[in-house]
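Colleague: Here is a sequence together with a model predicted from it:
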Amino acid sequence: MLVNQSPASSQSVAIGGDLQKQIATIAKSIPGRVGVAASVVETGEVVQWQGNAEFPMQSVYKLPIAMAVLNQVDEGRLKFDQRVNVEKVNYIAKPQHSPIRDEYQDGTVISISELLRYAVSESDGSASDIVMAQAGGPAVVMSYLNSIGVRDIKVADTERTLGLDATSQYRNWAKPVEAVKLLGLLQQGVGLSASSRSYLLRLMTETETGLNRLKGQLPQGVKVAHKTGTSQTTNGVTAATNDIGLITVDEHKHIALAVFIKDSAASTKEREAVIAQVAKLVYDRWK
C-alpha cells in the first residue's frame, strides 16, 4: 500500500493511513488518473497513492536529462562553459514550447550551462534536445539512471519526437515512487558533484512554469525546487499534467513530492488545483 524504500534509510517508515485517504479524496475529485508519492528525505516517511503506476512525464523528463548531462560535466566528458553551435534545424516546431527558438530564430552559440537553464528553468524543448544530444542521447540518460539505481523512469525520445507523435509521450514515463526516489537522491547528492547539484537545484527553484501547481497553495517564501510537465489537450483530454519537486521545510527537512495527472478531461484550473491541494496537505502534515 504505502512504502517504497527511501534513500534516507534502509527501512521506509509508513505513515498513518489517514493522509493517504485524504490524498485519495483529492485525487478522485477530477476525471483521469492521479498518481502521488511523497517522502521526507531525511527520515524515510513515505506516502503514496497510485504511486506504482506509469505516467507520461512530458517535460518532467528534463530533470533526469539534466542530471545525466551534469554527470558528464562532472566526469569531464562535457564542459560547463562548453559552447554549442545551435542552428535553426535544431529547433523543435511550434506550438511546442521553446523560448530559445523564439529569441534566436536564426540560431546562436550558447554554453552547456545556459542550455540547461533554458531546459530546466524555462522548460525549453529545443534546449533539452540539444543538450541531450551533446550527452549522447536517451541511451546515455538511461545508463546514468541505472547507475544510480533508478529503474522505473524511462527516457526514450526527444522533444521533437514527442511533438510529432502524441503516442510517444507514453513511452517516456515515470512511476511517482521512482520520481520521488530520484528527488531524494538529488537532495542527498547522489550521482552529482556538489557544484552540479547546487546549480541544478537553483535552476529548479527558478523555474517559471507551473506556479499554480506544487507552489500554488504553499505559504509565501517556502522554497520549492521543481520540474513541471504538461501535454497538449486533444479532444478535451489532457494526457499529462505533472509537477515534481523538493520542498524545503527547514535546513534539516526536505519533502520530495511527485504528482502526476494522466488522461484527464478536467480543466487546467482543476488539474493544477489538485496538485496544489496535495502539496499543501503533505506540507502541512510534515512541516
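Modeller: Ah, there it is. Numbers count the residues shown, from 1 in each chain.
Colleague: Quick check, central residue of the chain?
Modeller: Against the mean C-alpha coordinate of the chain, by C-alpha atoms, centre = their mean, the closest residue is residue 60 at 3.3 Å.
Colleague: Next, that one: secondary structure please.
Modeller: Here residue 60 is recorded as helix under DSSP: H, G, I helix; E, B strand; the rest coil.
Colleague: Just give the nearest non-adjacent residue to it, would you?
Modeller: residue 229 (3.7 Å; C-beta to C-beta, 6 or more residues apart in numbering). Just so you know, the C-beta spots here come from the backbone N, C-alpha and C atoms, and that holds for glycine as well.
Colleague: hey, C-alpha coordinates of the helix or strand that neighbour falls within in PDB?
Modeller: In the assignment (DSSP states H and E), residue 229 maps to strand 224-230. Output of strand 224-230 as PDB, limited to C-alpha atoms (Å, rounded to 0.1, in the frame of the first residue of the first chain):
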ATOM      1  CA  VAL A 224      10.400  24.700  -3.900                       C
ATOM      2  CA  ALA A 225      12.800  23.200  -6.400                       C
ATOM      3  CA  HIS A 226      10.600  21.600  -9.000                       C
ATOM      4  CA  LYS A 227      10.100  20.500 -12.600                       C
ATOM      5  CA  THR A 228       6.700  20.500 -14.400                       C
ATOM      6  CA  GLY A 229       5.400  18.600 -17.400                       C
ATOM      7  CA  THR A 230       2.400  19.300 -19.500                       C
END
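Colleague: what helices or strands is that strand leaning on?
Modeller: helix 194-205, strand 237-250 (3 or more C-beta pairs under 8 Å, 6 or more residues apart in numbering; DSSP states H and E).
Colleague: for these, which one sits closest to residue 18?
Modeller: Ranking these by proximity to residue 18 (C-beta to C-beta) places strand 237-250 first, at 19.8 Å.
Colleague: re the thing from before, what angle separates the strand holding residue 229 from strand 237-250?
Modeller: 180 degrees (axes from the mean of the first three to the mean of the last three C-alpha atoms, to 10 degrees).
Colleague: Go ahead and name everything in contact with whichever helix or strand comes after strand 224-230.
Modeller: Once strand 224-230 ends, the next helix or strand along the chain (criterion: DSSP H and E) is strand 233-234. Here strand 233-234 makes contact (C-beta atoms under 8 Å, 6 or more residues apart in numbering) with residue 166.
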